[in-house]
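A.B. asks: below are the sequence and a predicted model for it; my questions follow.
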Amino acid sequence: MSHWYWLILGLLLLLGAFHRRWRVLLLLGGGAALLTGLVRFAVPGLPGWAPGALFALLFAVGLALVLMRHRGKGRAAAAAVARRKVDPLVGSEGVTLEALAPGRLGRVELAGESWNARLTTSRPLPAGARVRVERVEGLTVFVSPLR
């Protein structure tokens, strides 16, 4: 195949990158095809299998680089969303739904939602007592009685 085939394929793939869902793959494929076309133009005596192998290699290397770059971003983004949702709870006030004893898990209502709760003090609280959130760890809030 001539270098024109690879250059035209690269341009078509890059144009296809406007389709949002497959953008990264089309950009990688387009870039790999354009580079393959340029190599084919610069080195006209390549064997027939070389451009296809070069394209596959360039695409695989590009995909590996993209995946390595984005490896931890999904987990980090999920953790950031979780922090934004629970950080405003610190300092908020709620009501115990059941009696809370030190060192034991209980339930409190905060902003209309029921949460697992643990006391930060050594004094037990009856159901209906008003509490303030001191910190949040996972799905458990640590509360102290309001004075």
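C.D. replies: The structure has been received and is ready for your questions.

A.B. asks: got the phi/psi numbers for N116?
C.D. replies: Here is the backbone geometry of N116 (degrees, to the nearest 10): phi -70, psi 140.

A.B. asks: quick one: contacts for it?
C.D. replies: For N116, the contacting residues are L105, G106, R107, L139, T140, V141, by Cβ atoms under 8 Å, 6 or more residues apart in numbering. Any C-beta I mention is one placed from the backbone N, CA and C, and that applies to glycine too.

A.B. asks: for the first one, report the pLDDT, please.
C.D. replies: Same thing as L105. According to the prediction, L105 has pLDDT 92.

A.B. asks: show me what the closest residue in space to it that isn't next to it in sequence is bridged to.
C.D. replies: Counting by Cβ to Cβ, 6 or more residues apart in numbering, L105 lies nearest to N116, which is 5.7 Å off, once chain neighbours are set aside. Beta bridges link N116 to R107, T140, judged by DSSP bridges.

A.B. asks: distance check, N116 against S92.
C.D. replies: 15 Å (Cβ to Cβ, to the nearest Å).

A.B. asks: where does pLDDT dip in this structure?
C.D. replies: For the chain, the stretches flagged by pLDDT under 70 are 1, 72-86.

A.B. asks: how about the strands in it?
C.D. replies: Ranges of strands within the chain are 93-96, 106-110, 113-119, 130-137, 140-145, based on DSSP state E.
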